Each structure stands twice: as C-alpha cells, then as structure tokens.
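Novice: Curious how this folds, go ahead:
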Amino acid sequence: MMNANENHGVIQQHAIRNTLEHLSGEIQILLQNESLYENRIRELSTNLGVFQTAYSAMEDRLRRQAEEKNELLHELNALKGLEKRVICLLDGDGMIFTQELMSQGQEGGLAAARKLTERVRQFISTSEGFEQYQLWVYLFYNKRGLLETFGRVGLTTVRAKFDDFMMGFNQAAERFIMVDVGGSKEAADAKLKVHLEDNIRLPHTYKIFFGGCHDNGYVHNLRSVVTSSLGHKLILMPGYSDVAIDIKALQLPELRIPELFITTKLVAPSYNVIATGPPPGLPTTPKLTAAQPVCPPTTPPGISYFPGEGQGAVARRGSLPSYKSALQAPLTMSARFNCPTMEPSEGSSESSEASEIPLRLPRLTPPSPPKQRRINHQLPLSKHVPPPCTLFYLAQCRHGPSCKYSHEYILESEHYQELGENAKKTPCKITNEGGDCSFGDECVYGHSCPNGTTCYYLKLGKCKFVAAGMHRQPNN
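Specialist: Model (predicted):
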C-alpha cells in the first residue's frame, strides 16, 4: 500500500497539471482573439481621433462666437450712445460770435463749429461720463438786422465776411444749421420755441443747450419744460454776461463759452452826444438831382469837401473839428443848411420826417443834456408818447430840440430794426415824385409798397406809394 506521503504527492501533481492545462487553454483563447482585439483597438483609436478633431472644431467655434458676441455688445453700446441726441438751440440775436472769428470768414465759421463741438463734448463727458451722442446745432438769426447792427457799431470787416463765415459754419458738419429767418418780428423766437417743444419730449433727446438766455420771452416755454419734469434735459448757454432775470430764476445749469460768443450787447453809439460822423455803415450825403430844390449846406468850420462834387459834396471825416471847437462855434441846423422847409407829402401817415432829405452829415451842435428815456418793451415804438424820431436815430434830424418826436430814447439793435421797418412803410419823397434817390436800397424810406400788387389801398386809389413801379412784387 502507498503511504500517506506518496498520496499527497500524487494529489499535488494532479492539481498542478490541471492548472497548467487551464492556463494553456486561456493562452490559446488569447492567441485566437488577438487579431480581433487589434482591430478593436484600431477602431477605438480612429474614433478617438474623430472626437478630438470635433472637439477642437467646437472649441474654435465657441471662441469665434465669443468674439462675435463681444463685438456685437460693443456695437450695441455704441448704438445706444448714438441714440442720444444733444441739441443746441441758439438765438442769433443774442448769441453773436466774436469779432475775431467772424472776421476770418469761412475759416472762422469752421473754427467756431469746432470750438462749440469741443466745449459741448467736454461738458457732457465731465458731467455725464460718456461721449457717444449725436450733436445737432440750430442757429436762427436775422441777417439783415445783424448786418445793419454791424454797420452801426463799425464792424465793417465782420459785415463783409459774414456770408463766408455762415458758409463755413454750415459746412462744418451735416447737423450744423445756421438759418436766416428774415426780419419778421420774433421770427427767430418762434423757431426756437417750436424746436424746443418738439425735441424736449422725445426719448432720444438727451440734453438741449438753450442759447436764448438774453430774452425773457422764452421763460414761459422753459418753465413749462421744468414743470413737466424735463428740466434735467435743459442746460442754459448764455451768450451775454447778463442773463434775463426770469430765466436766471429757474436755476438751470449753464455752459458759458466767452471765447466763442460776445459777452456784451452790440449797441450803436448814441447820437445825443457830439458825433464825429454818420453812423457806421450808413451812406453819406446823397447827390441830389435838379428836381430836388435843396440848398447845399454851408461849410462848417474845420470841414472840407471833396472838390468838383457840387451840392452832393461829402464832408471829410478826418477834418472834423474837435469837441472843444464845436462848443466854441455852435451852428444850428437851420444856419448850416439855410434851406426852405419841405412840406410833407400828402397821404403820408408818418410825420413831416418822411418829407425830409435824410442828410448824413455829422451833428456839430452839442444838444442839451438828454433825459435818457427808457423803452417800454410792451409797446411798439410808434405807440410811445412821443415816438422816437426816425431821422434822428437813422439819419439826421434838422429840427433839433424843437422836434415833436423824441431824441431821448435809449435804443438797442432790435429797436433800430423796428424803426427801419416802420420807415420803409412810408414812401421816399424823391422816389414817390418820380425822382432818382441816390441812396438806393440804403434809403431810410421805402422805394416800393411793402404790400406789392396785393395792396388793398392801391385798389381804392389811396395808397401813399404813387410813383410808377412802386407796386411791383417785393422780390422783383
């Protein structure tokens, strides 16, 4: 019999053989499936490459989308800024550019537009912290009135260059608009009031710079804006140093540009004092025709006349006597002109002023100290008692202190304009009698009926303008 040790050895050998056989079977299976596994690995590697490519493409796409999003957000913010409109409304009667700018003509207009743009930009960026907006500038003015004022105060260069200046300002930007509204009373005011009302309530109107602070006539419109809780959109832009009292009481923010606009009113020199010549810009003595029986003035001491010009001679301004010599040798108007008094033309609604030849000679006789009357702005000049003397303020009154019209009013530019407009409604005596007025368009009085062919009194045969051709259309 086998002993226990032998049995144990047999059992171990049997177990080892079984294990080896099992491992041999597994190895055979692995060897048989090797090609299958290799194919699977190659397939997975291929899929991995595809996924990696797709992932890289998606990353690139996401990056491009992020860049496009940032660009769109930037454009959106810019568009939101451009939706904001900043508007400057300027009354050209009180917002007058400086002499230095206007005398440069077109270049001055461009420079004025640049300066205005820059100062508005500085104000907006400082107070509001952004610079994206559209700037619109509307400036309404009375060209004829301004040019007459420039002439009276002696700004001859400005007067000559004004059209070029206006062209330069209008060409500076598409939204810069400088418009002549004509000589109708309050024409510029009406334009500004309408633009203020139309724009202040629009949602894209961010700010309005209002340049009409010299005129209390705007206070009701401005107060209405404030009452409507839109006052935060208003910024005053005074031209003159002094702001109208009622407008100042609104306590709105201000932007002043003294280097762009004059700070004091242009007031023609008073002819209640000794004058050294005719008002600047007005013509001198007209050359009278033979049909006009007006005697030549006696030559005052110290004044020489151009030779060879007869009774149309013009006094040399440089040869005027001094103030002291004028006081020592006073000459009355009757003594200097020594002419018969002209009678007023029939049918004239004006005073005897209309029949006088408006001679532009310097006044040498010092008048007595004037009383200095103030104008009542609620009344037209013709309703004042007594009314201002048209010839005294626009030409030369020969009645002196005995004139039944006043020489004592303190007039401003708009009053001179009103006087001029009223005088044009009265026919020039020379033209109305068929003569040829040498003043031409510069004549104080009218050479044609303001109503033209539509004149009501012409149909009744009662119009004061009786000469041939005085009822043509105004533009003819």
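Novice: separation between the closest residue to L135 other than its chain neighbours and F210?
Specialist: Distances taken as CB to CB, 6 or more residues apart in numbering put V86 closest to L135, at 5.2 Å, once the chain neighbours are dropped. Any C-beta I mention is one placed from the backbone N, CA and C, and that applies to glycine too. From V86 across to F210, the span is 12 Å (CB to CB, to the nearest Å).
Novice: still on that earlier bit, list the contacts for the residue nearest to L135?
Specialist: Taking CB atoms under 8 Å, 6 or more residues apart in numbering as the criterion, V86 is in contact with V120, I124, Y133, Q134, L135, W136, Y206, K207, I208, F209.
Novice: what about the second one, helix or strand, and which?
Specialist: I124 is located in helix 106-128, with elements delineated by DSSP states H and E.
Novice: Extract the CA atoms of that helix and return them as CSV.
Specialist: The C-alpha trace of helix 106-128 is given here as CSV (Å, rounded to 0.1, in the frame of the first residue of the first chain):
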residue,chain,number,x,y,z
GLN,A,106,-15.2,130.7,-43.9
GLU,A,107,-12.2,129.6,-41.7
GLY,A,108,-13.8,131.4,-38.8
GLY,A,109,-17.1,129.6,-39.3
LEU,A,110,-15.3,126.2,-39.3
ALA,A,111,-13.3,127.2,-36.2
ALA,A,112,-16.5,128.3,-34.4
ALA,A,113,-18.1,125.0,-35.1
ARG,A,114,-15.1,123.0,-33.8
LYS,A,115,-15.0,125.1,-30.7
LEU,A,116,-18.7,124.7,-30.0
THR,A,117,-18.4,120.9,-30.5
GLU,A,118,-15.4,120.6,-28.2
ARG,A,119,-16.9,122.6,-25.4
VAL,A,120,-20.2,120.6,-25.5
ARG,A,121,-18.2,117.4,-25.5
GLN,A,122,-16.2,118.5,-22.5
PHE,A,123,-19.3,119.4,-20.6
ILE,A,124,-21.1,116.1,-21.4
SER,A,125,-18.1,113.9,-20.6
THR,A,126,-17.4,115.8,-17.4
SER,A,127,-20.9,115.9,-16.0
GLU,A,128,-22.3,112.6,-17.5
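Novice: helices and strands around it, which ones?
Specialist: Helix 106-128 sits against strand 85-91, helix 99-102, strand 134-141, helix 156-171, with contacts defined as 3 or more CB pairs under 8 Å, 6 or more residues apart in numbering; DSSP states H and E.
Novice: For those, give me JSON lines that also has distance to H74 and mean pLDDT.
Specialist: Shown next, in JSON lines, are these (distance: least, CB to CB, whole Å; pLDDT from 0 to 100):
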{"stretch": "strand 85-91", "distance to H74": "21", "mean pLDDT": "94"}
{"stretch": "helix 99-102", "distance to H74": "38", "mean pLDDT": "94"}
{"stretch": "strand 134-141", "distance to H74": "18", "mean pLDDT": "94"}
{"stretch": "helix 156-171", "distance to H74": "32", "mean pLDDT": "93"}
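Novice: Just say which of those is most tucked in.
Specialist: strand 85-91 (a mean of 23; mean count of other CB atoms under 10 Å).
Novice: Centre of the chain to it, how far?
Specialist: Mean-position distance between strand 85-91 and its chain equals 9 Å (CA atoms, centre = their mean, to the nearest Å).
Novice: hmm, back to that, can you flag the buried ones in the contacts of V86?
Specialist: Neighbour-count burial (16 or more other CB atoms under 10 Å) applied to the contacts of V86 gives V120, I124, Y133, L135, W136, Y206, K207, I208, F209.
Novice: out of those residues, who's nearest K404?
Specialist: For the buried ones among the contacts of V86, the closest approach to K404 (CB to CB) belongs to F209, at 47.3 Å.
Novice: got the contact list for the closest one?
Specialist: By CB under 8 Å, 6+ apart, the contact set of F209 is V86, I87, C88, L89, V120, I235, L236, M237, L255.
Novice: what about 6 Å?
Specialist: F209 makes contact with C88, I235, M237, according to CB atoms under 6 Å, 6 or more residues apart in numbering.
Novice: Three-state assignment for the second one, please.
Specialist: Read that as I235. Remark: I235 carries the secondary structure label strand [criterion: DSSP: H, G, I helix; E, B strand; the rest coil].
Novice: What separation is there between it and P258?
Specialist: On the measure of CB to CB, I235 and P258 end up 16 Å apart.
Novice: Give the burial count for H415, as a bare number.
Specialist: H415 has 17 neighbours, counted by other CB atoms under 10 Å.
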